[in-house]
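Trainee: coords below, sequence missing:
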């Protein structure tokens with residue numbers, strides 16, 4: 001049916017209740033017509049280290065957590081909200097004498113019940129294959145890389161995080177970022193590895209910056225250009241929140257038609273810009289800013305050459 005039961009009315013079954021509760025969870029997407037129903041699976045971030053896995057006394061110890069488990073292929077079934085309310089210990093098998101394996105620690109729904117389980121992989125001489133969990137939906141918490149006996153195993157954190165509707169989503173790193181092409185326009189992401197807050201800008205994740213711009217960044221001057229000194233601004237660039245780059249600086253003594261400096265990726269225009277500047281002796285000059293990042297003086301006087309106030313878009 002197209003119309004599902006409204007929230008908390010007579011006749012709501014468990015699947016309907018999950019679907020209703022899932023409306024309060026961060027959205028997820030695969031790129032099809034059912035995306036509005038999808039909830040992002042993951043750990044609810046909290047003080048401490050929810051859901052982390054460690055090896056202690058030849059056992060796997062899983063920290064308490066709350067999480068959302070969701071089957072991306074069946075969004076109409078609604079997500080499960082699950083809780084592990086105490087540290088759970090799981091058996092950890094001994095290593096093979098000469099072969100390696102990969103074990104998985106997962107949170108999963110098995111026959112309608114929540115469980116935290118370990119799946120032991122097959123031993124192999126090289127490139128051991130990850131085991132396949134039996135439950136559905138499944139959230140992988142950790143991958144345990146088990147080398148041959150005599151070498152310590154390694155626990156690799158595989159937790160994915162979720163958040164409340166329109167909340168800031170924590171991610172472990174770049175590989176954990178949601179696909180930007182199918183992410184809703186109001187999504188914010190916080191990278192735990194770098195401490196950088198990201199927002200969706202066009203077709204990419206970009207650092208969120210307030211309208212005053214990020215900090216001024218000092219470029220490496222090229223082709224004999226140097227800062228003028230004497231209390232004037234030094235060469236620098238910054239990216240504004242609206243995607244425009246601003247330049248500053250008074251430079252001198254360089255070579256024309258060659259770069260004063262080169263902007264890094266993320267600070268470059270998509271087209272060739274020609275901008276007017278002030279130059280010695282109180283005359284007009286021109287600077288070219290290329291899509292490859294070169295900021296080049298083409299007309300003016302090397303006695304002094306001002307970049308103050310120059311601005312251009314990165315889109």
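Mentor: In hand now; what should we look at? It should be emphasised that the depicted structure is a prediction, and the values quoted were computed from it without experimental measurement. Numbers count the residues shown, from 1 in each chain.

Trainee: switch to C-alpha atoms for all contacts and neighbour counts from now on
Mentor: Noted.

Trainee: Settle this for me: residue 39 is touching residue 25, isn't it.
Mentor: Yes - using Cα atoms under 8 Å, residue 39 is in contact with residue 25, at 5.8 Å.

Trainee: Who has more neighbours out of the two?
Mentor: residue 39 (30 against 21; other Cα atoms under 10 Å).

Trainee: need the contact list for the more buried one.
Mentor: By Cα atoms under 8 Å, 6 or more residues apart in numbering, the residues touching residue 39 are 22-23, 25-28, 70, 75, 78-79.

Trainee: same check, this time on residue 282
Mentor: Residue 282 makes no contacts at all, as judged by Cα under 8 Å, 6+ apart.

Trainee: got it, and residue 82?
Mentor: The neighbours of residue 82, taking Cα under 8 Å, 6+ apart as the test, are 66-69, 114.

Trainee: Tell me the one among these nearest to residue 33.
Mentor: Using Cα to Cα, residue 69 comes nearest to residue 33 of the contacts of residue 82, at 20.6 Å.

Trainee: The closest one - how many residues pack around it?
Mentor: Per other Cα under 10 Å, the neighbour tally for residue 69 reads 25.

Trainee: So it sits against residue 44, correct?
Mentor: No - contact between residue 69 and residue 44 fails when scored by Cα under 8 Å: they sit 10.9 Å apart.

Trainee: Identify the nearest residue to residue 301 in space, disregarding sequence-adjacent positions?
Mentor: Excluding the flanking residues, the one nearest residue 301 by Cα to Cα, 6 or more residues apart in numbering is residue 280, at 5.4 Å.

Trainee: quick one: the one you found from residue 179, how far?
Mentor: Separation of residue 280 from residue 179 (Cα to Cα, to the nearest Å) stands at 50 Å.

Trainee: Doesn't residue 197 lie inside a strand?
Mentor: Yes - counting by DSSP: H, G, I helix; E, B strand; the rest coil, residue 197 falls inside a strand.

Trainee: Spell out which residues sit in contact with it, please.
Mentor: 188-191, 207-208.

Trainee: If I follow the layout properly, residue 176 ends up in contact with residue 160?
Mentor: Yes - counting by Cα under 8 Å, residue 160 is a contact partner of residue 176 at 7.1 Å.

Trainee: who's more crowded, the two?
Mentor: Between residue 176 and residue 160, counting by other Cα under 10 Å, residue 160 is the more crowded of the two (22 against 14).

Trainee: Phi, psi for residue 176 please.
Mentor: Main-chain torsions, residue 176, degrees, to the nearest 10: phi -100, psi 0.

Trainee: Over to residue 138?
Mentor: Torsion angles, degrees, to the nearest 10, at residue 138: phi -130, psi 140.

Trainee: Now it: closest residue in space that isn't a chain neighbour?
Mentor: residue 108 (4.3 Å).

Trainee: Now render the contacts of residue 39 as TSV, adding secondary structure and distance to residue 311.
Mentor: Converted to TSV, those look like this (DSSP: H, G, I helix; E, B strand; the rest coil; distance: Cα to Cα, whole Å):
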residue	secondary structure	distance to residue 311
22	helix	44
23	coil	42
25	strand	40
26	coil	36
27	strand	36
28	coil	37
70	coil	46
75	helix	46
78	coil	48
79	coil	47
